[in-house]
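sharing a model that was predicted from the sequence below.
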Amino acid sequence: MKLVQLIEKVEHARENFLNACSGITREQANYKISPDEWSITDIAEHIVRAEWGGVSGIWNAIDGFLHNEPAWSGENINQGLSIETIVERTWQPHQPAPEPARPQWGGPLEFWLICLKNCKITLAETARKMEGLDPEQIIYPHPISGPLHVYQRMEFLRYHMERHQRQIEKIKAHLAR
């Protein structure tokens, strides 16, 4: 699958995620089913921080590749695997998020949704930066799943938003009781 098609899937997942967050009051946005679970605002901040981290890593990997200083080297144990298979193999049940991607700053849900919308610009520029490069040669490791090339990173962005959208739907269903 081509990079542009994968980015289109990411953008579709982004729109669905944003739609799942629309029409939510401040109280609903900050509601937690239990003290150890995230609120919708926490989830939105996490999604933004995770995307920034992953895409920043891609840019670091591109820069390293172009200057013969790869961001990662070694056997790519995830080569040829779908992101679903990689996550199934590498994540534990209720896998905690890596520290840099955890909600830390707080703030209103609206802020994080605007940030998430703006990630679209960065992703489009990433595709432009990748022109003429082989996405399977640009590898940046995920802190839990290990080495992921650009195609797998795009799959991860889609998968990750879909996964957390399901959490949002769970919170909304709990609130509707």
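On my side now, so go ahead. Numbers count the residues shown, from 1 in each chain.

going forward, measure contacts between C-alpha atoms and count neighbours the same way
Noted.

nearest residue to the middle of this structure?
With distances taken as CA atoms, centre = their mean, Leu157 lies nearest the centre of the chain, 3.7 Å away.

look up how far Arg49 lies from the residue nearest to that one when sequence neighbours are not counted.
Counting by CA to CA, 6 or more residues apart in numbering, the nearest residue to Leu157 once its immediate chain neighbours are dropped is Val10, at 6.2 Å. Distance, Val10 to Arg49, using CA to CA, to the nearest Å: 16 Å.

the more surrounded of those two?
More neighbours surround Val10 than the other of Val10 and Arg49, with 23 against 20 (other CA atoms under 10 Å).

please save the CA atoms from the helix or strand in which the more buried one is found in CSV.
Using DSSP states H and E, Val10 falls within helix 3-20. Extracted C-alpha coordinates of helix 3-20, given in CSV (Å, rounded to 0.1, in the frame of the first residue of the first chain):
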residue,chain,number,x,y,z
LEU,A,3,2.2,6.0,1.7
VAL,A,4,-0.5,8.4,0.5
GLN,A,5,-3.2,5.7,0.9
LEU,A,6,-2.0,5.0,4.5
ILE,A,7,-2.1,8.7,5.3
GLU,A,8,-5.6,8.8,4.0
LYS,A,9,-6.5,6.0,6.4
VAL,A,10,-4.9,7.9,9.2
GLU,A,11,-6.9,11.0,8.3
HIS,A,12,-10.1,9.0,8.2
ALA,A,13,-9.3,7.6,11.7
ARG,A,14,-8.6,11.2,12.8
GLU,A,15,-11.9,12.5,11.6
ASN,A,16,-13.7,9.6,13.3
PHE,A,17,-11.8,10.3,16.5
LEU,A,18,-12.7,14.0,16.3
ASN,A,19,-16.3,13.2,15.6
ALA,A,20,-16.4,10.9,18.6
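
contact partners of it?
Here helix 3-20 makes contact (CA atoms under 8 Å, 6 or more residues apart in numbering) with 113, 116-117, 120, 123-124, 127, 135, 151, 154-155, 157-158, 161-162, 165, 168-169.

from the contact counts, what lies against the helix or strand following it?
Scanning forward in sequence from helix 3-20 by DSSP H and E, the next helix or strand is helix 26-30. Secondary-structure packing of helix 26-30 (3 or more CA pairs under 8 Å, 6 or more residues apart in numbering; DSSP states H and E): helix 40-66.
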